[in-house]
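S.K.: coords please:
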Amino acid sequence: MNSIPFSIPEIVKQGRDHLTAGKGDETQRNFVVLKRDGADSEYCVRMGSDFDAPLLRDELAMMNHLKAYNPSKKLAFPTGYMVIEDRWEGYLANGGPEGPIYGQNRQRTASNRLLESHRKQSSNGLQQPGPTMWEAMKSGALRLSRKDADDIAEVLEALRESLKLRNSLPDSNALTPLGPWKPQAHFFAIDGDGGPMLKDTMELQAFMTKRLGLAQCDPAAVNLTNKRYIPGDLSPHNFKRLPDGRIGVLDCGRSFFGPGWWDVSGLRIAGEDTKWTEPLLKSLSDRGMSTTTAHDASMDKFARWFTQFGAAVARELILMLWHRVEVDDVYNFSTASKRVYSLSREILREHCDLKRRLSTISNQGPKSGVFPNVLKEILVNPRAALYPSILRVDCFFLEWDDYRPAVLKDDLHLRLPDDELELFKQAVKNIGRLTESEVNGWIKSIDEGDEDPLIALLLLLLPNITTLHYQSFLPTQPCIDKALELMTEYEPPGSLTKLRNIHFKGIDDVDPYQEYSDFEVIRDFASIPSVRSISGQRLGTDANDLMFSRLFPPSSSNLTSLDLIDSDINPKSLSEFLFITNELQRFNYIPSRLNNLPETFDPFWIRTALQSNAMGTLKSLRLLPNGHARILMDILYPQSMVPLSGSQTVCLPQNVRAVVLRLK
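M.R.: Sure thing, here's the model as predicted:
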C-alpha cells in the first residue's frame, strides 16, 4: 500500500490547527481534509480520543478487511494508512472526506493522542466528495428517499450474508479482524464506553446472556448465535452516494461480527430522526432483515434496564475502584475516560480539599483540637487517612482545661462532646491485640483529656506518613509506646508503612536537665521497619533508662542515618542502641553544649558497637565531644593512620569517607 504524501509533523499540525479553530458543528470540528499549498488534497483525518484507541485500531483493520473482501460492486470503502501518536491536548483519528467522527475531548491527560489518516482512492470512487445521506436529506428536512433506503439495505444485506468476509477472519470465533471487540453500540451508550474487551464469540455470548438475564429478557426471543457482519452505527452521516451510484460506507469503527439483529435493534433505539429510521427499517424488513415482536419487546426491556441500572452498575464499579486508587494516582485515574471523568468531579473536589487540609498535620504552637479533629475526620471518612504525609507533634495536652472567659477558646483544651469521645473509644476497642486493662487505660486517658491515645490512634491509622516531627518532653506515653510495639511486632495493615524520616527536638526555653526529650523515644521509633533516618536535638536519658525501658528493647533497626545534636545521652544506652543499627551509613554525634561529658562516658562502647555492626556500611562519621577529641579518637581507633594534631593519628573504618573532629 502506498504511503501518504504528508509527513507526520504536517498531519499533526493541520489537525491541531483545525481543532484550535473550533469551527462548525461537532462533525466539522472533528474532521479535516488535509491541504497542500492551501488547496484540499485527496487525504483526510478525523478526530478521536485516547479511550477510543481500540476503536481506531479496529476501524483501520476492519476497513482494510472490507476493502480486501468487498462483497458488492455497489460498495466503496476508504483506505486506511497509519496511526500517529501525538502528545497534545487534542485527539486525532481517521475517516473519509465527509465521514463521521468520534467526540472530541479537550481534557489534558498524560495519554498519547492518536491520529489516523485515510486516502480517497480514485479506484473506489471517492475522488469526488459526493453528499452524505444527511446532506442529501437537507440536514433532516427531507425524508430518506426510497431508492437510497433500498440501496443501503442492499449493501448491508451483502455485507451481512458474505461468507467470504466471515471465513477470512483470523479465527472462526473472532469478533473483528484483530480478534477482540469492545461493546460499542446504542445499547451501551455510556459516553461510548460500554463494557470490557471481549476476545471472542463465546465471551460475547456470555456477556450478553448475563445482562439480558439481569434485565429479565426472554432468552428464547434473543438469538446470540447467528454470526453476521454488523455495521457499527447506522447513521445518515455514515453513508454517502458516490457520483457513480455506489454507496460509500465511511465508519467501520464500531463494526464487528455478531448477532444478526444487532444493527436493526440498535437503529430502533438510536434516537435518530424518524425521517431516516422509518424508510431504512422498511427497506431492511423488505429484505428479511427485521426482528420479531417478542425480540423487540425483550430489547426494549433491556434498553430500559440499561438506562436505569446498567449505567448505575458502571458508576458503582468506578466509584468502588476509587477507594483502591493511590492518592498520587487520583488525577491520572480521573482522566482515564470521559465516563470516569464525569463521575469524578465531586471526588476530585474532595481530593483537592483533603490534600490541601491534611497533607501536613501539625499542632505546632501547640494548638488545641488539631489531633481530635483530624482523628474524627478519618474515622468518619477512612479515605481521608490516605492524605497526611507529614505529622508534627509539638507537645500535647495531658488533661482538660477549665473554661476561663479571659482566655481565647482556641487556646484552651476543653472537653469534647460525648459523641466524639465515644467515637474515639470505639476506635480503641477496634484496634485488637490490646488487653482489657490496656483498653480501659486508653479509654480512661481519653476521658481525662490526655492526647496520648489520640496520637497513638493516628500513628496506627495513617499509612502514608513519610516524615514525623516530634518535639516534646514525654515522661510517660504508654499509648504511643503500645502503638509502636504493635507496629513493630505485628505490623497492622496501614500503619506507618511509608515512614522514612523522624526529627526529634527538645524544648529550649526550660530547664535542660528536666526537659530533654527522652532518648527512649528514638529507640522506640527506630524499631519501625520502614524508618531510615532519625535526627535528634536535645535528647537525654537517665543512667537507668536501659534497665527500666518503657518499651521493649528493639532487636533490630534499618536506620542508615543517625544525627544526635546537643544531646546528653547515657553512653551505655547509646552503645546498646548502636548495636542494633546493622545498616548505619552516617553517624553524627555532638554532646550537650551545656555540660561536659558525663563521668560515666566511655567511648569504648561506641567503638565496639560501630566495629561490630557498621564496619562494612559506615560512610560518614562526625564526633564533636567538646574538648575530648584526642581522648575519644585515641580510644575509638588506637592504630595511627590519620593525623589528629602533631604526631597523633587515627585509623578509620574501611568505608568511612569523612571524619570531622573538633579540638579544643
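S.K.: Let me know whether residue 211 touches residue 302 as I believe.
M.R.: Yes. The pair residue 211 / residue 302 is scored as a contact, 7.2 Å apart, by Cβ atoms under 8 Å. For glycine as for every other residue, the C-beta is placed from the backbone atoms N, C-alpha and C.
S.K.: What mean pLDDT does the helix or strand containing residue 378 get?
M.R.: Element membership for residue 378 (DSSP states H and E) is helix 370-380. Mean pLDDT, computed over helix 370-380, is 90.
S.K.: now swap in stretch 7-23 and tell me
M.R.: Here the average pLDDT along stretch 7-23 is 76.
S.K.: Show me which residues of that stretch are buried.
M.R.: 11-12, 14-16, 18-19 (16 or more other Cβ atoms under 10 Å).
S.K.: one step back: given the very next helix or strand once past the helix holding residue 378, what are its sheet partners and their directions?
M.R.: Later in the chain than helix 370-380, the nearest helix or strand by DSSP H and E is strand 390-394. Strand 390-394 has the following strand partners under DSSP bridges: strand 360-362 (parallel), strand 467-471 (parallel).
S.K.: mind checking the SS state of residue 302?
M.R.: In three-state terms, and counting by DSSP: H, G, I helix; E, B strand; the rest coil, residue 302 is helix.
S.K.: Does it touch residue 217 like I think?
M.R.: Yes. Proximity of residue 302 to residue 217 meets the contact threshold set by Cβ under 8 Å, at 5.4 Å.
S.K.: What score does the closest residue to residue 297 other than its chain neighbours have for pLDDT?
M.R.: Spatial nearest neighbour of residue 297, chain neighbours left out: residue 221 (7.3 Å); criterion: Cβ to Cβ, 6 or more residues apart in numbering. For residue 221, the model assigns a pLDDT of 90.
S.K.: separation between residue 221 and residue 275?
M.R.: Taking Cβ to Cβ, to the nearest Å as the measure, residue 221 falls 29 Å from residue 275.
S.K.: Residue 572 is in what secondary structure piece?
M.R.: Going by DSSP H and E, residue 572 is part of helix 571-578.
S.K.: What's the mean pLDDT across whatever helix or strand comes next after that helix?
M.R.: Sequence order places strand 586-591 as the next helix or strand after helix 571-578, per DSSP H and E. For strand 586-591, the mean per-residue pLDDT is 82.
S.K.: Relative to strand 586-591, what are the paired strands and their orientations?
M.R.: strand 561-567 (parallel), strand 620-623 (parallel).
S.K.: Show the average pLDDT along the longest one.
M.R.: Think strand 561-567. 85.
S.K.: Residue 199: which of the strands paired with strand 390-394 is closest?
M.R.: strand 467-471 (46.6 Å; Cβ to Cβ).
S.K.: Hey, what's the angle from the helix holding residue 378 to strand 390-394? Just curious.
M.R.: 140 degrees (axes from the mean of the first three to the mean of the last three Cα atoms, to 10 degrees).
S.K.: Show me what helix 370-380 is packed up against.
M.R.: strand 360-362, helix 418-429, helix 452-461 (3 or more Cβ pairs under 8 Å, 6 or more residues apart in numbering; DSSP states H and E).
S.K.: Can you tell me which of those is nearest to residue 175?
M.R.: helix 452-461 (47.5 Å).
S.K.: How is the chain partitioned into domains?
M.R.: 8-314, 359-499, 503-664 (automatic domain parsing).
S.K.: Contacts only, for the nearest residue to residue 199 once chain neighbours are set aside.
M.R.: Ranked by Cβ to Cβ, 6+ apart and with sequence neighbours excluded, the top spatial neighbour of residue 199 is residue 180, at 4.5 Å. By Cβ atoms under 8 Å, 6 or more residues apart in numbering, the contact list for residue 180 reads 54, 197-200.
S.K.: quick one, what contacts residue 158?
M.R.: By Cβ under 8 Å, 6+ apart, the contact set of residue 158 is 71-72, 74-75.
S.K.: Now do the SS call for residue 45.
M.R.: Reduced to three states by three-state DSSP, residue 45 is strand.
S.K.: Correct me if wrong: it contacts residue 17.
M.R.: No. Assessed by Cβ under 8 Å, residue 45 is found out of contact with residue 17, at 11.6 Å.
S.K.: any idea how far residue 274 is from residue 43?
M.R.: 36 Å.
S.K.: try residue 251
M.R.: 18 Å.
S.K.: These two: which is more packed in?
M.R.: Neighbour totals were compared for residue 251 and residue 43, and residue 251 leads with 26 against 21 (other Cβ atoms under 10 Å).
S.K.: quick one, longest helix in this protein?
M.R.: Longest helix in the chain, counting residues (DSSP state H): helix 338-358.
S.K.: Where does the prediction get shaky in the stretch 301-450 of the chain?
M.R.: Along the stretch 301-450 of the chain, the model assigns pLDDT under 70 to residues 307-320, 323, 336-339, 342-343, 365-368, 402-411, 413.
S.K.: rerun at 80
M.R.: Residues of the stretch 301-450 of the chain meeting the criterion pLDDT under 80: 303-325, 331-348, 364-369, 394-415.
S.K.: And the stretch 551-664 of the chain, by the same measure?
M.R.: 551-556, 566-573, 575-576, 590-616, 618-664.
S.K.: burial measure for residue 426, as a count.
M.R.: Neighbours of residue 426 using other Cβ under 10 Å come to 11.
S.K.: Can you give me every residue that contacts it?
M.R.: For residue 426, no contacting residues are found, by Cβ under 8 Å, 6+ apart.
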